[in-house]
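Q: this is a predicted model, with the sequence first.
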Amino acid sequence: MEGKTINRLIKLLGSCHLEDVASIRRLYSGDNMYHYDGVSVECGEIHKTTPEYVKFTLGFPLGMLGLDFCDRQLDTMTADYCFRDFVIQTETISLLKEHATGKEKFTGKIYIHNPNQKILPRTSAYISGGVLYISLTVRFPVLMASKRTVINGGPSVNIIRKELCRAIRNFIRYFDVKEYKKNAAVYRRQKEIRKMLGEKGLVSFLANGSILPRSDRGLALRGAVPFVSPPEDEIEMRFPDGYAIKGMGIKAGVTVITGGGYSGKSTLLDAILHGIYDHIPGDGREYCITKQNVCKILAEDGRSVSSLDISPFIRNVDNLNTDRFTTRHASGSTSQAANIMEAIAYGCGAFLIDEDRTATNFMIRDARMKKIIRDDPIVPFTDRVRQIYEDTKISTVLIIGGSSEYLDLADNVYIMKEFRICNYNREVAATRQNTFDFYTADKEPVRWKTDRKIIKKPMMAFKKDEESDRIREYAAVTEEEIAVGVYRANVSKLETVVSRQQMAAIAFIIRRMFNKKENELCLLDEIGGIYGEILENGFGELYSGSFGIDFNLELPAMHDILFTLARMDDIAYDEAVNFAPISKIIE
């Protein structure tokens, strides 16, 4: 069942045999839109230096899939579900192997993004105007003949006629509307839980029966102990469809989770952290939901810090201005102080802290050590954690295994035993010491919210090419770094940056901000504005193929964009006039 107009595409591919590789450019020049049984097929160049790579964007009218009824508020989930279903069809494709003679340089191949377990806005699959768009890359086979590169037309035709067309047919033919509706119901409940978190004064909700541990592939670990809420903290979430879920609600305030080694503390914190994203059904964490402006705080030795006030934690240091602290190599304590102050400035609503990933001299100093060391410039977090909540309403969830200093400071204490969580408030109350001498030398109220304004230089997105000695716009993404212009940031410690596609999106968002004409930009307003545009209208013109970065983008958490900027060397900051918390921008 082959559409007539697809023959134009096949004919064009067949004509490429033994011609120069540039002939493939006819695919994406002039009229590059084709149709196959009602599906639009658009060809577009990936990069001018590799014309045998062609981006195909397939357009499926939702009515063709039986989804003309679906709610537009579910567009992100609908695109995600359909995309995963289409990926399954492409996984069955078997292409030609290399010839034994070695004349064939590359075999043809279809490349399509394989998403992780999280439901995110993506450029590889999105809905616009009632049409589902799915993007993939086809690499046509290349031969070496007469000392010039040519496209092998025969296999190229087979890739389109037999493989891509078959995937399109099977995707439409076997699309399961009933299964889609089940997934849509789960997604609606996830959104309802997010609304109820604020109403019930919760930071996070963890459903009973959730599978929190992950395998090496990031999937639910088989045989893991299902999560069960302590009876004292069990709540029930009821939904308009009549469905109800019971689980643990982690309340706002200061929460401490303790326990022995390998008891599941860090796994629990990881589930809370990644609850800022929605997960697909079957992931095990689909009903582990956390407020979206929650971030993890850790010590990050060697990170860059620019013009940041860390004086609430570090002060009275000779030859060091901690009111406007700047360094390219922060220590463990100064980096953790910087991470906290930036998170407050960027409107984060809760901190997640694992004792194993922190600086000990920043986290604790017991009463005996305070008597010995009376002039320490570091104000330990024990002396600030309650003050932060009282002054800013920012909650803290702490994983503690080696010190009891925080037990008396917590609103709620839990203990993990053999991967099960128990309420420990009664036991703590019976042994409460109340012997802490807290820091009281603040001459004035602490100014927690240091609003940030970026002082922009002309052409920030540009750098000089070392080979050509020409100045050109530059953006790049590696396994751990994001670079825009001459500015680089290591994001390996940002645990909610979960894919290379999110890193690419961060690079292009920063590039967009760098290319604005204004010399001074309020950081939250600018990033918040770009972020809001993406949420409302998709990625639009954000992507550019000029940098050799894969076109697949995924939306990161907004605070991760801001944290990436904060890690770039030599960017000048000043104080902004207005303050707009992330929570308000996202809502």
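A: Okay, I see it.

Q: and the next element down the chain from the helix or strand containing Val150?
A: Using DSSP states H and E, Val150 falls within strand 148-151. Where DSSP H and E defines the elements, the next helix or strand beyond strand 148-151 is helix 153-158.

Q: what are the buried residues along that next one?
A: Neighbour-count burial for helix 153-158 flags Gly153, Pro155, Ser156, Val157, Asn158 (criterion: 16 or more other C-beta atoms under 10 Å). Where you see a C-beta, it was placed from the backbone N, CA and C, and this is true even at glycine.

Q: name the residues linked to the closest residue to Asp75 other than its chain neighbours by a beta bridge.
A: Nearest-residue entry for Asp75: Ile127, 4.4 Å, with adjacent residues in sequence omitted and distances by C-beta to C-beta, 6 or more residues apart in numbering. Taking DSSP bridges as the rule, Ile127 bridges to Leu132.

Q: so what's the residue count around Ile127?
A: Residues lying near Ile127 (other C-beta atoms under 10 Å) number 20.

Q: for it, what are its contacts?
A: Leu62, Arg72, Asp75, Thr78, Ala79, Tyr133 (C-beta atoms under 8 Å, 6 or more residues apart in numbering).

Q: which two in these are spaced the farthest apart?
A: Arg72 and Tyr133 (15.0 Å; C-beta to C-beta).

Q: how does this structure divide into domains?
A: 6-175, 184-252+276-290, 294-430, 452-586 (automatic domain parsing).

Q: worst average pLDDT in these?
A: For those, mean pLDDT drops lowest on domain 6-175, to a mean of 80.

Q: phi and psi next, for Ser307.
A: As for Ser307, its main-chain torsions (degrees, to the nearest 10) stand at phi 50, psi 50.

Q: kindly apply the preceding question to Arg328 instead.
A: Torsion angles, degrees, to the nearest 10, at Arg328: phi -100, psi -10.

Q: spatially, and excluding backbone neighbours, which residue is closest to it.
A: Ser304 (5.1 Å).

Q: CA atoms only for the top helix by length along the chain, dumped as CSV, please.
A: The residue-count maximum for a helix in the chain (DSSP state H) belongs to helix 177-199. Provided in CSV are the C-alpha atoms of helix 177-199 (Å, rounded to 0.1, in the frame of the first residue of the first chain):
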residue,chain,number,x,y,z
VAL,A,177,-5.7,3.8,21.5
LYS,A,178,-6.8,1.9,24.6
GLU,A,179,-3.2,1.7,25.9
TYR,A,180,-2.8,5.4,25.1
LYS,A,181,-5.8,6.2,27.2
LYS,A,182,-4.3,4.2,30.2
ASN,A,183,-1.1,6.2,29.9
ALA,A,184,-3.0,9.5,29.6
ALA,A,185,-4.9,8.6,32.9
VAL,A,186,-1.6,8.1,34.7
TYR,A,187,-0.2,11.4,33.3
ARG,A,188,-3.3,13.3,34.4
ARG,A,189,-2.9,11.9,38.0
GLN,A,190,0.7,13.0,38.0
LYS,A,191,-0.4,16.5,37.2
GLU,A,192,-3.1,16.4,39.9
ILE,A,193,-0.6,15.3,42.5
ARG,A,194,1.7,18.2,41.6
LYS,A,195,-1.2,20.6,42.3
MET,A,196,-2.0,18.9,45.6
LEU,A,197,1.6,19.1,46.9
GLY,A,198,1.2,22.8,47.4
GLU,A,199,-2.3,22.5,48.8
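
Q: which strands or helices does it pack on?
A: Packing partners of helix 177-199 (3 or more C-beta pairs under 8 Å, 6 or more residues apart in numbering; DSSP states H and E): helix 75-91, strand 202-207, strand 234-238, strand 278-279, strand 288-290.

Q: got the buried residues for that helix?
A: For helix 177-199, by 16+ other C-beta under 10 Å, it's 180, 183-184, 186-190, 192-194, 196-197.

Q: before we move on, what about stretch 356-370?
A: Quick answer for stretch 356-370 (16+ other C-beta under 10 Å): Arg357, Thr358, Ala359, Asn361, Phe362, Met363, Ile364, Arg365, Lys370.

Q: for the fifth one, which non-adjacent residue is closest in space?
A: Put plainly, it is Phe362. In this structure, Phe362 finds its nearest non-sequential neighbour in Ser333, 4.1 Å apart by C-beta to C-beta, 6+ apart.

Q: residues contacting that neighbour?
A: Here Ser333 is in contact with Ala299, Phe313, Ile314, Ala359, Asn361, Phe362, Ile378 (criterion: C-beta under 8 Å, 6+ apart).

Q: quick one: name whatever helix or strand follows the helix or strand the fifth one falls within.
A: The reference is to Asn361. Assigning secondary structure by DSSP H and E places Asn361 in helix 360-363. Next along the chain after helix 360-363, taking DSSP H and E as the criterion, comes helix 367-372.

Q: following element in sequence after that next one, please.
A: Helix 367-372 is succeeded, C-terminally, by helix 385-392 (DSSP H and E).

Q: helices or strands up against that next one?
A: strand 254-259, helix 332-345, strand 395-400.

Q: give me the contacts around that helix.
A: 252-254, 340, 344, 394-396, 398, 406, 409, 445-446, 448-449.

Q: just stretch 85-94 next, same as before
A: Outside stretch 85-94, the residues that reach it (C-beta under 8 Å, 6+ apart) are 110, 112-115, 125, 134, 136, 163, 166-167, 170-171, 175-176.

Q: try it again with 10 Å
A: 58, 60, 65, 108-115, 124-125, 132, 134, 136, 159, 162-164, 166-176, 179-180 (C-beta atoms under 10 Å, 6 or more residues apart in numbering).

Q: rewinding a little: return the member of the buried residues of helix 153-158 nearest to Ser210.
A: Comparing those against Ser210 with C-beta to C-beta places Asn158 closest, at 45.4 Å.

Q: now that closest one: how far from Arg139?
A: Noted for Asn158: a distance of 13 Å to Arg139, by C-beta to C-beta, to the nearest Å.

Q: now, the contacts of stretch 85-94 that are in strands?
A: Members of these lying in strands (criterion: DSSP state E): Leu58, Phe60, Lys109, Ile110, Tyr111, Ala125, Leu132, Ile134, Leu136.

Q: and the furthest pair within those?
A: Lys109 and Leu132 (23.5 Å).

Q: neighbour count winner among the two?
A: Counted by other C-beta under 10 Å, Lys109 and Leu132 do not tie: Leu132 has more neighbours, with 23 against 16.

Q: got a list of what the closest residue to Met363 other than its chain neighbours touches?
A: In space, and not counting its chain neighbours, Met363 is closest to Phe381: 5.1 Å by C-beta to C-beta, 6+ apart. By C-beta under 10 Å, 6+ apart, the contact set of Phe381 is 297, 313, 333, 336-337, 340, 351, 353, 358-359, 362-365, 388, 396, 398, 405-406, 409.

Q: what is the helix or strand containing Glu533 packed up against?
A: Taking DSSP H and E as the definition, Glu533 sits inside helix 523-537. Applying 3 or more C-beta pairs under 10 Å, 6 or more residues apart in numbering; DSSP states H and E, we find helix 523-537 packed against strand 452-455, helix 500-514, strand 520-522, helix 558-566, helix 582-586.

Q: closest to Lys48 out of the ones you listed?
A: helix 500-514 (18.8 Å).

Q: restricting to C-alpha, output that closest one in CSV.
A: Taking C-alpha atoms only, helix 500-514 is exported to CSV below (Å, rounded to 0.1, in the frame of the first residue of the first chain):
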residue,chain,number,x,y,z
ARG,A,500,22.8,14.8,26.2
GLN,A,501,19.7,16.3,24.6
GLN,A,502,19.0,18.4,27.7
MET,A,503,22.6,19.7,27.6
ALA,A,504,22.1,20.7,24.0
ALA,A,505,19.0,22.6,24.9
ILE,A,506,20.8,24.4,27.7
ALA,A,507,23.5,25.4,25.2
PHE,A,508,21.0,26.9,22.8
ILE,A,509,19.0,28.6,25.5
ILE,A,510,22.2,30.3,26.8
ARG,A,511,23.2,31.2,23.2
ARG,A,512,19.8,32.9,22.7
MET,A,513,20.3,35.0,25.8
PHE,A,514,23.9,35.8,24.9
